[in-house]
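**Student:** With the input below, show me the fold.
(chains A and B)
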2 protein chains.
Amino acid sequence: MADAENDSTGLIAEMGRRARAAARALAGLSSAAKCRALEMAAEAIRQATPEILAANAIDMARAEAAGLSSAMLDRLRLDPRRIDAMAEGVATVATLRDPVGQLIDENRRPNGLILRRVRVPIGVIGIIYESRPNVTADAAALCIKSGNAVILRGGSEAIESNRAIHAALVAGLERGGISGDAAQLVPTTDRAAVGAILGAEGVIDLVVPRGGKSLVARVQAEARVPVLAHLDGINHVYVDASADSTMAEAITVNAKMRRTGICGAMETLLIDRAYPYPEALVRALMATSCEVRGDAAVQALVPAVAAASPADWDTEYLEAIASVAIVDGVEGAMAHIAAHGSHHTDAIVASDEGVAERFLASVDSAIVLWNASTQFADGGEFGLGAEIGIATGRLHARGPVALEGLTTYKWIVRGTGQVRP
Amino acid sequence: MADAENDSTGLIAEMGRRARAAARALAGLSSAAKCRALEMAAEAIRQATPEILAANAIDMARAEAAGLSSAMLDRLRLDPRRIDAMAEGVATVATLRDPVGQLIDENRRPNGLILRRVRVPIGVIGIIYESRPNVTADAAALCIKSGNAVILRGGSEAIESNRAIHAALVAGLERGGISGDAAQLVPTTDRAAVGAILGAEGVIDLVVPRGGKSLVARVQAEARVPVLAHLDGINHVYVDASADSTMAEAITVNAKMRRTGICGAMETLLIDRAYPYPEALVRALMATSCEVRGDAAVQALVPAVAAASPADWDTEYLEAIASVAIVDGVEGAMAHIAAHGSHHTDAIVASDEGVAERFLASVDSAIVLWNASTQFADGGEFGLGAEIGIATGRLHARGPVALEGLTTYKWIVRGTGQVRP
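**Tutor:** Residues are numbered from 1 along each chain as shown, chains lettered A, B, ... in the order given. Next up is the predicted model:
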């Protein structure tokens, strides 16, 4: 085990050394050059469909033999349509606006110095992910487009698929003039490699975990390098007394039930005590076969509702269950969210603009919405073109993170011989 | 020791709980209200000059008895002029432009959703500092102005001074309507309190260490909360063949010798092999009584120069010593900086604009300068009005950090009933 750790540390250090050199070259590439190389990578993935399917069949056979759940098998499975969508995703990222070189601000000092803050790539990004092989292509494309080298460490169950996708991707990048060192796949399935990535201070500049809670929790607990992580989405919809009832029902049902397993799904519905149609609202949710767990006031309205336990208010169900509470106006809603929310995504449905603005200003979440469903919490829906993840930390980037979140800036100062007095 | 740790963890948790509540209130305050309260705090510090001097006299007497170095005694010492400067600093921060509420960008989606990214405070900031008591006022003012609550943990040798400054500051803030919980001073000098701050995940959102290398190193090694830290400034000046020789000498001497102990000081001079006046440049530096350690080519030019050891190229002297190397043009300079630099501040002196632009684009440092001294690396000189520190990390903020670096953002989404298809 100690040997495996040493081996992994050495492996990641060597991959990181090559990645750093590739990142230096990438940082100086034009947008057009990066775009062309990514389009070649997309085409290479498309053309490698037979090889990728063959590799995926090996992973699938092993996974079935190992008795993986049908949900995991579905995440692992590739077919020509999914490979085409993966290639299309890379081609889309190729055409996104390049943040590198963007001028953030400019400032001329009284002594004549001209200061500019300009976006630059972060450097070397580590991506640690689980069974979805498409992350190999998606995450690499976002990193390359933003001028970063990437070290990919996928789940062991997808290793053959990842290798085949990675081989095609790199072949395309290299035809486009970008070194394969810019997008490296950790060749082993050794778990010590994850630890080596998390400890690679100065070698890897940022780690992005893509996967379930246990992966993210491990990454956050062990990492010595900065992490862009997504924790719980305990999201609320608050229906104000002033809400339009049709809108309130549509948003509540969509926020909870459109897809229950995504981080933007509503988990708790808060109903203003003065809202005129609370029973209809709760019944609308139940009519979609959502299980409702309510406080005493909700149970009094709809006797079929189960009692919420104290833990319910702090639970991210990610399934067709909602907790529902009656609160005293927007202040009551904000107090509940401050006590139980996870600072991810929270919405208000209201016609009263003053109440809505108070909610938007005061609720301390990465995303706050007025009269719209929490399920919009997504980089694509936000117009970012793609996303590397949704950040729930408070620094660097918050909410959906795409290309800009994979950059930092530097100060460029132009003078005419100024010395400091 | 275990008891002290438990006590400190409990203390910081309780201070953090009060700070969080104060931060919520602060986040909603108008710029005018924060400005007024900070002006009252500045006035309160000025009026408390006798009390602060009396407290400082106790610290000074203890420090002298303990045999502290004259440099440390000087950092600790307050006089009426220094107290006035401290109050003036708080009053200046009061008038700076408030970043909270600033619109970063806006985006209208085809479905009618309007997305805005708006700056908001980070939340609760921990400041860990050493003997300079003025940090108590400076750092608190920057945090409050940017809408953050602050927990201050100063050096034990300055505890009486810090308490007196803090008491005045809080009295002024409270007269201005801001709770004292927004700016709390850790009341004990127990070292376990530092560990408790560094481990306070979810309680403290960001820690800023202000002090020497050993403090920063400890903070970085132990912290479980994000850190905005400043590491080495191994800064270079590269003099290109195209440089004006008068400018090159003036910038080199200023970059090294104006103040040798600041992080923006030059440590290594790189001279283009094709620069016509290398000997005059080295002699200009030596004429200021700077010790020069050179490579073989420099020693051949000026026999009085000592030989640089390999370690010299990686050393932040922070005194009147410079290492000097002859390099092959801008490419040689950039290779040297990539191998030995610390990504802090690097400058080029050149008349050739193409060469200068290549340097500015390619050198991966927080600050790159063309024809200006590295000693400008400072928030005040950059027009930020003040600085909480100079960040050498790559995420969130880079280079001089002032109010904007103490904020994050949230996404505010306004709809008209949109649900996600």
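**Student:** Now do the strands in the stretch 301-421 of chain A.
**Tutor:** Using DSSP state E, counting those that start in this stretch, the strands of the stretch 301-421 of chain A run over A:306-307, A:321-327, A:345-349, A:367-372, A:389-391, A:399-401, A:407-418.
**Student:** and what of the stretch 151-300 of chain A?
**Tutor:** A:183-185, A:206-210, A:235-239, A:266-272, A:291-294.
**Student:** C-alpha coordinates for the fourth one, CSV please?
**Tutor:** Right, the one you point to is strand A:266-272. Listed next in CSV are the C-alpha coordinates belonging to strand A:266-272 (Å, rounded to 0.1, in the frame of the first residue of the first chain):
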residue,chain,number,x,y,z
MET,A,266,-36.8,21.3,-4.9
GLU,A,267,-36.7,19.4,-1.7
THR,A,268,-38.8,21.7,0.6
LEU,A,269,-41.9,23.7,-0.2
LEU,A,270,-42.6,26.7,2.1
ILE,A,271,-46.1,28.1,1.9
ASP,A,272,-47.0,31.5,3.3
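**Student:** Which strands and helices lie in contact with that strand?
**Tutor:** Secondary-structure packing of strand A:266-272 (3 or more CB pairs under 8 Å, 6 or more residues apart in numbering or on different chains; DSSP states H and E): strand A:235-239, helix A:245-257, helix A:278-286, strand A:321-327, helix A:329-340. Bear in mind the C-beta positions are built from the backbone N, C-alpha and C, glycine included.
**Student:** Any regions of chain A where pLDDT drops low?
**Tutor:** By pLDDT under 70, the weakly predicted segments of chain A are A:1-5.
**Student:** buried stuff in the longest helix along it?
**Tutor:** Secondary structure of chain A per DSSP state H: the longest helix is helix A:2-27. By neighbour count on 16 or more other CB atoms under 10 Å in any protein chain shown, the buried set for helix A:2-27 is A:8-9, A:11-12, A:15-16, A:18-20, A:22-24, A:26-27.
**Student:** can you check stretch A:202-214 too?
**Tutor:** Under the neighbour-count criterion of 16+ other CB under 10 Å, stretch A:202-214 has A:203, A:204, A:205, A:206, A:207, A:208, A:209, A:210, A:211 buried.
**Student:** before we move on, back to that, just send the buried residues of helix A:2-27 back as TSV, with distance to residue A:52 too.
**Tutor:** Converted to TSV, the buried residues of helix A:2-27 look like this (distance: CB to CB, whole Å):
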residue	distance to residue A:52
A:8	27
A:9	31
A:11	25
A:12	26
A:15	23
A:16	27
A:18	25
A:19	24
A:20	29
A:22	24
A:23	27
A:24	31
A:26	25
A:27	30
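**Student:** nearest to residue B:199, of those residues?
**Tutor:** Nearest to residue B:199 out of those is residue A:9 (CB to CB; 25.6 Å).
**Student:** ok now do residue A:29, which residues does it touch?
**Tutor:** The neighbours of residue A:29, taking CB atoms under 8 Å, 6 or more residues apart in numbering or on different chains as the test, are A:147, A:178.
**Student:** For it, which three-state class applies?
**Tutor:** Recorded secondary structure, residue A:29: coil (DSSP: H, G, I helix; E, B strand; the rest coil).
**Student:** Tell me which of the helices and strands packed on strand A:266-272 lies nearest to chain B.
**Tutor:** The closest of those to chain B is helix A:245-257. By CB to the nearest CB, the value is 3.6 Å.
**Student:** Around residue A:352, how many other residues sit close by?
**Tutor:** Neighbour count of residue A:352, defined by other CB atoms under 10 Å in any protein chain shown: 14.
**Student:** Check the one 10 residues further on too.
**Tutor:** Applying other CB under 10 Å, we find 16 other residues in the vicinity of residue A:362.
**Student:** Which residue is the nearest non-sequential neighbour of it?
**Tutor:** Nearest residue to residue A:362, sequence neighbours excluded (CB to CB, 6 or more residues apart in numbering or on different chains): residue A:334, at 5.6 Å.
**Student:** List the contacts of that neighbour.
**Tutor:** Residue A:334 sits in contact with A:359, A:362, A:363, where contact means CB under 8 Å, 6+ apart.
**Student:** re the thing from before, run the angle between the longest helix of chain A and helix B:329-340 for me.
**Tutor:** For helix A:2-27 against helix B:329-340, the angle by axes from the mean of the first three to the mean of the last three CA atoms, to 10 degrees is 150 degrees.
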